[in-house]
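Trainee: Based on what follows, work out the 3D shape:
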Amino acid sequence: MDFSTPYTDEQQAFRAEVQTWIQANVPDDMREPIDPQDFSKEQYLFWREKHQELAVKGWLYPTYPTEYGGGGLTADHETILQEEFYKGGVPRSPNSDIVLATLLVWGTEEQKEQFLRPMLTGEYNSWQKFTEPQSGADLANYQSTAVRDGDDWILNGQNVYVSGRPNTEWGLGGPTYMWGPMLTDPDAPRHRNLGFFMIPTDAEGVTMREQRLINGWDQHFIFLDNVRVAGDHLIGGDHQGWQVAQTTLEGEHGGRGQAFPRDEAMDNMLQYIQVEAKKGSARATDDVVRQTAVDSYIDFAVNNLLLQRTYWMYTTRQAIITEGIVANVYRRENAWRQSARIREVMGLSGMLGVDDPGAPFGGQPEVYQRAAFAQGHAGGSLNIARVTAARRIGISRTQERPAPTPATATQHGS
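Mentor: Sure thing, here's the model as predicted:
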């Protein structure tokens with residue numbers, strides 16, 4: 001049975017158009033580097049302009065509504081774009097994309113014009129501001145505060161592990177906005193005591209400092225010291241921040257799936273064995289190594305099916321209950337398994353970084369292992385993802401329903 005995706009002549013013509021654009025617009029030195037921490041200021045500035053060009057073509061956020069600056073294209077278009085952008089080294093987005101769905105569901109029409117449109121057109125970029133140092137991924141224990149002052153809000157607090165470009169050392173002033181929950185009512189019960197804010201990073205009292213972590217240098221400390229934001233920067237009600245954040249987390253926890261899942265580490269592992277076998281290497285003909293590679297390929301295939309199923313359900317506006325979180329848990333656990341297999345198959349050479357001339361595949365296996373280690377803790381940690389899965393399939397002490405997303409919501413708020 002052939003599981004490959006059939007493309008029509010029209011879709012293949014669109015693919016050729018994308019390939020032609022990449023060839024004409026993306027110099028080799030502007031392609032996404034193997035190690036994300038090698039992404040330069042010059043590349044960042046180049047892609048801020050190119051992303052706006054892509055938005056005009058409808059290719060930056062292809063399936064978002066045209067009335068807000070999206071492409072209005074189909075899921076097939078998005079799949080082709082992701083395939084070709086991946087092969088061409090095109091960075092996909094200037095934003096933490098999961099806020100786009102949140103704004104589409106919860107924002108007023110005025111807020112969609114104010115925040116969503118300039119993000120979809122590439123003019124604005126943003127970072128997700130969730131994790132606090134004292135509570136980690138426990139958003140229900142949020143301590144950073146928002147206090148009313150007339151029509152405005154005064155924000156105070158701090159965050160860690162805030163991801164995104166530009167690097168604060170480039171002197172470019174950070175993204176346009178950060179966004180996330182703040183404690184608006186300390187006397188209200190959990191889950192009813194938060195608001196969700198869009199915070200301009202050029203506001204007085206905002207400080208951003210770089211964190212250099214194992215997975216790269218695009219993590220940041222954030223400090224808010226009496227930061228004043230206008231009342232229209234509150235998304236949803238002043239006690240609905242938990243509910244608004246849950247729409248964001250549906251995306252972060254796999255609720256949109258992936259149009260084009262990929263596993264470069266698995267591809268490289270198979271190629272490594274093939275090349276070593278031609279050299280007559282004993283490692284490449286070892287039955288255990290071969291079995292390890294087969295296990296890797298099976299995991300890759302299952303992972304793809306789970307992610308693409310969720311993406312298909314999302315784009316056909318079906319209710320996603322367990323599918324997204326199951327795919328999320330499987331993907332993250334699989335990344336850890338793949339990391340171990342890299343070491344089993346490639347040995348110590350799989351630990352060589354991008355600066356070592358002997359590193360296989362330019363050091364990609366080492367970069368993958370660091371990223372996989374970090375991703376087990378990102379997005380709420382793997383344990384929290386398992387708890388969410390347990391609640392969705394009905395084997396936890398409590399049960400939960402998925403938050404509204406653009407695939408299921410008929411209007412903002414609820």
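Trainee: Now name the helix or strand holding residue 153.
Mentor: strand 152-163 (DSSP states H and E).
Trainee: Just want the angle from the next helix or strand after that strand to strand 152-163.
Mentor: Using DSSP H and E, the helix or strand that follows strand 152-163 towards the C-terminus is strand 177-183. Computed by axes from the mean of the first three to the mean of the last three CA atoms, to 10 degrees, the angle separating strand 177-183 from strand 152-163 equals 110 degrees.
Trainee: circling back: buried stuff in the strand holding residue 153?
Mentor: Within strand 152-163, the residues that qualify as buried are 153-163, counting by 16 or more other CB atoms under 10 Å. For glycine as for every other residue, the C-beta is placed from the backbone atoms N, C-alpha and C.
Trainee: Would you point out the most distant pair within those residues?
Mentor: The span of those, defined through CB to CB, is set by 154 and 163 at 25.9 Å.
Trainee: quick one on the thing from earlier: in its sheet, which strands sit next to the strand holding residue 153, and in what direction?
Mentor: strand 145-149 (antiparallel), strand 216-230 (antiparallel) (DSSP bridges).
Trainee: Check which helices and strands the helix or strand just after the last one sits against.
Mentor: Same thing as strand 216-230. Next along the chain after strand 216-230, taking DSSP H and E as the criterion, comes strand 234-235. Contact here means 3 or more CB pairs under 8 Å, 6 or more residues apart in numbering; DSSP states H and E; on that basis strand 234-235 packs against helix 98-106, strand 194-200.
Trainee: Mind putting those into a markdown table with mean pLDDT?
Mentor: Listed next are these as a markdown table, based on pLDDT from 0 to 100:
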| stretch | mean pLDDT |
| --- | --- |
| helix 98-106 | 96 |
| strand 194-200 | 98 |
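Trainee: The ones you listed: which one's closest to residue 138?
Mentor: That would be strand 194-200 among these, by CB to CB, at 12.5 Å.
Trainee: And the closest one, how far out from the chain middle?
Mentor: Strand 194-200 sits 20 Å away from the centroid of its parent chain (CA atoms, centre = their mean, to the nearest Å).
Trainee: any chance you could map the strands in the stretch 1-150 of the chain?
Mentor: Counting by DSSP state E, counting those that start in this stretch, the stretch 1-150 of the chain has strands at residues 126-128, 145-149.
Trainee: give me the low-pLDDT residue ranges for this protein?
Mentor: 1-5, 410-414 (pLDDT under 70).
Trainee: How about the residue in it that sits furthest from its center?
Mentor: Residue farthest from the centre of the chain, counting by CA atoms, centre = their mean, is residue 280 at 40.9 Å.
Trainee: how much space between that residue and residue 16?
Mentor: 41 Å (CB to CB, to the nearest Å).
Trainee: helices or strands up against the longest helix seen in the chain?
Mentor: When the chain is parsed with DSSP state H, its longest helix is helix 287-315. The elements that helix 287-315 packs onto, with contact taken as 3+ CB pairs under 8 Å, 6+ apart, are helix 75-88, helix 264-278, helix 323-346.
Trainee: So which of those helices is the most surrounded?
Mentor: Comparing these by mean neighbour count (mean count of other CB atoms under 10 Å), helix 323-346 comes out on top with a mean of 21.
Trainee: quick one: it to chain centroid distance?
Mentor: Remark: helix 323-346 is offset 17 Å from the chain centroid, using CA atoms, centre = their mean.
Trainee: picking that back up, single out the most deeply packed of the strands paired with strand 152-163.
Mentor: For the strands paired with strand 152-163, the highest mean count by mean count of other CB under 10 Å goes to strand 216-230, at a mean of 18.
Trainee: The helices and strands packed on helix 287-315: which one's closest to residue 38?
Mentor: helix 264-278 (16.1 Å).
Trainee: by how many degrees do the closest one and helix 287-315 diverge?
Mentor: Helix 264-278 and helix 287-315 are oriented at 150 degrees to each other (the same axes, to 10 degrees).
Trainee: which residues are in contact with helix 264-278?
Mentor: 283-285, 289-290, 293, 296-297, 299-300, 338-339, 341-342, 345-346, 360-361, 364-365, 368 (CB atoms under 8 Å, 6 or more residues apart in numbering).
Trainee: which of those are buried?
Mentor: Counted by 16+ other CB under 10 Å, the contacts of helix 264-278 give 283-284, 289, 293, 296, 299-300, 338-339, 341-342, 345-346, 360-361, 364-365, 368 as buried.
Trainee: ok, how many other residues are close to the nearest residue to residue 190 once chain neighbours are set aside?
Mentor: Closest residue to residue 190 apart from its sequence neighbours, by CB to CB, 6 or more residues apart in numbering: residue 140 at 4.8 Å. In terms of burial, residue 140 registers 13 neighbours under the definition other CB atoms under 10 Å.
Trainee: which residues of the stretch 1-150 of the chain fall in helices?
Mentor: 9-25, 41-57, 75-88, 98-106, 109-111, 117-120 (DSSP state H, counting those that start in this stretch).
Trainee: Indicate which one of the ones you listed is closest to residue 66.
Mentor: Within the helices of the stretch 1-150 of the chain, the stretch nearest residue 66 is helix 117-120; the backing value is 9.5 Å (CB to CB).
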